[in-house]
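> give me a 3D structure for the following:
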Amino acid sequence: MHRRGEINLASEPFRRDRPALAAAAAAGVLLLAVLVGLVSLAVTQRGRAAQTSRNLERLRTQARALAAGQARLESALRRPENAEVLERSRFLNSLIYRKGISWTKIFDDLEKILPHNVRLFAVRPQVNAQNEISLDMLVGAESGPPVVEMLKRLEDSAQFGGTYIHSTLPPSPSEPLVRYRVTVNYAQKL
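Residues are numbered from 1 along each chain as shown. Model prediction:
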């Protein structure tokens, strides 16, 4: 049996370039689509950045105008003839702020914390310069361990914070309980 051999009479040998050309064309079309998408995204972002810049400048202008107005009002309030009114206004505002302390909320929070064998004699809320509330309390118990338990509960509570014992009064004939004067930070929202 005789085998026939393939003979190529073409001046250039046959190559299978069509699939590679088709893949290159598809990749080119895909890259062109990505380029168009990126250009449109860049144009959109540039427009948004310009709008944001205009909004920012408008807000800065408003802030400058408000600061100038506030400075004008503060200078009017600082005049000697307005000093008395300003001082009275500050005093009334501090009274209103202190009036915002809810006694019901204080007693409700203390009721959850105080052990059954600790007696509350007095509570006096105080507001410091940073508008933080602390409670000055006078408590009593037959012995120290219930008061220690109360102090632990106060410090572990979310409404209360650090505690400080100012003084201890021993039992007397008229009062059989040991009394403690305690200050505790209180986180009531005003």
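> any idea how this protein splits into domains?
What automatic domain parsing lists as the domains of the chain is 22-78, 101-186.
> avg pLDDT for the first one?
Read it as domain 22-78. Average pLDDT, domain 22-78: 93.
> and it, how far out from the chain middle?
Distance of domain 22-78 from the chain centroid (C-alpha atoms, centre = their mean, to the nearest Å) equals 27 Å.
> equivalent analysis for stretch 157-166, please.
The gap between where stretch 157-166 is centred and where its chain is centred comes out at 23 Å by C-alpha atoms, centre = their mean.
> now do the buried residues in it.
Ser157, Gln159, Phe160, Thr163 (16 or more other C-beta atoms under 10 Å). From N, CA and C alone the C-beta is placed, and that goes for glycine too.
> burial count for Ser134?
A total of 19 residues lie near Ser134 under the criterion other C-beta atoms under 10 Å.
> correction: the previous question concerned Asn185.
Other residues near Asn185 come to 17 when the count uses other C-beta under 10 Å.
> which parts of this protein are strands?
Listed from the start of the chain, the chain has strands (DSSP state E) covering 119-127, 133-141, 160-169, 178-186.
> list the buried residues of stretch 174-190.
Using 16+ other C-beta under 10 Å as the burial criterion, the residues of stretch 174-190 that qualify are Leu177, Val178, Arg179, Tyr180, Arg181, Val182, Thr183, Val184, Asn185, Tyr186.
> again but with stretch 42-60, I slipped
By neighbour count, and taking 16+ other C-beta under 10 Å as the criterion, stretch 42-60 has no buried residues at all.
> try stretch 102-112
The neighbour-count criterion (16+ other C-beta under 10 Å) identifies Ile106, Asp109, Leu110 as the buried residues of stretch 102-112.
> from those residues, which land in helices?
With DSSP state H as the criterion, helices contain Ile106, Asp109, Leu110 from among the buried residues of stretch 102-112.
> same list (the buried residues of stretch 157-166) but as a markdown table, adding pLDDT and distance to Leu66.
Below are the buried residues of stretch 157-166 laid out as a markdown table (pLDDT from 0 to 100; distance: C-beta to C-beta, whole Å):
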| residue | pLDDT | distance to Leu66 |
| --- | --- | --- |
| Ser157 | 84 | 41 |
| Gln159 | 82 | 37 |
| Phe160 | 84 | 39 |
| Thr163 | 84 | 43 |
